[in-house]
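K.L.:
Provide a 3D model corresponding to the input given below.
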Amino acid sequence: MAVMVRRYRFTVDEYERLAQARVLTQCDRTELLDGEIVEMTPIGDRHASVVARLTSLFSRHLSDRSIVWAQNPIQLRAVRSMPQPDVVLVRPRADFYSTGKPGADDVLLLVEVMDTSSDTDRSVKLPLYARAGIAEVWLLDLTTDRVEIFRQPTLAGYRAVEALERDERLTPQAFPDLSLTVADLLG
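P.N.:
Numbering: from 1, shown residues only. The predicted structure follows:
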């Protein structure tokens, strides 16, 4: 007789209660993706450097027009997820989200820096971001020195996809006055 394995899918609230009860700590380096608690991949030197570069670049150019939310969780309740993207530009709020994490409606731009995490970023996180309604996602691929831009989310994925090389320019749709090159982002 075959035994059927059933998985329990956590909600965002249950995941947060695990952290509050100290069952999960920051040392565990986990995120909730589609109801499953998954271990995050380690961050290498170049990955950390690009995240620092993006944080500095966006903070300098956007000032008070957004909050740079670097490697912090966002709540995507509709898709049972609490990922920790590398850099997110979120709507400004006077309390800096001290009373609750940003949700999909707060996200102006989400950026994932990929090297060893590219499989998870592409096949797991990107579809979740689309289903949650995140308007724009940039995947910075450190292995190819390219940026992939995803816009127009649907339940099936993103309708508009564009790949750019080092010397090409890109502009976040939420900030049409900000023009950057791929080299500006990757160094």
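K.L.:
In three-state terms, how would Lys125 be classified?
P.N.:
helix (DSSP: H, G, I helix; E, B strand; the rest coil).
K.L.:
Can you tell me the closest non-neighbouring residue to it?
P.N.:
Pro83 (5.9 Å; C-beta to C-beta, 6 or more residues apart in numbering). Glycine gets a C-beta too; all of them are placed from N, C-alpha and C.
K.L.:
same question, Glu162
P.N.:
Ile149 (4.6 Å).
K.L.:
any idea which element Ile149 lies in?
P.N.:
strand 146-154 (DSSP states H and E).
K.L.:
where along the protein do the helices fall?
P.N.:
Assigned by DSSP state H, the chain shows helices spanning 12-20, 45-62, 118-120, 126-132, 182-186.
K.L.:
could you say what helices and strands the last one packs with?
P.N.:
For helix 182-186, the packing partners by 3 or more C-beta pairs under 8 Å, 6 or more residues apart in numbering; DSSP states H and E come out as helix 45-62, strand 146-154.
K.L.:
Let's see that with 10 Å instead.
P.N.:
Helices and strands touching helix 182-186, by 3 or more C-beta pairs under 10 Å, 6 or more residues apart in numbering; DSSP states H and E, are helix 45-62, strand 107-114, strand 136-141, strand 146-154, strand 157-164, strand 169-170.
K.L.:
what's the closest non-adjacent residue to the most centrally placed residue in the chain?
P.N.:
Nearest residue to the geometric centre of the chain (C-alpha atoms, centre = their mean): Pro85, 2.8 Å. With sequence-adjacent residues excluded and distances taken as C-beta to C-beta, 6+ apart, Pro85 is closest to Leu110, at 5.1 Å.
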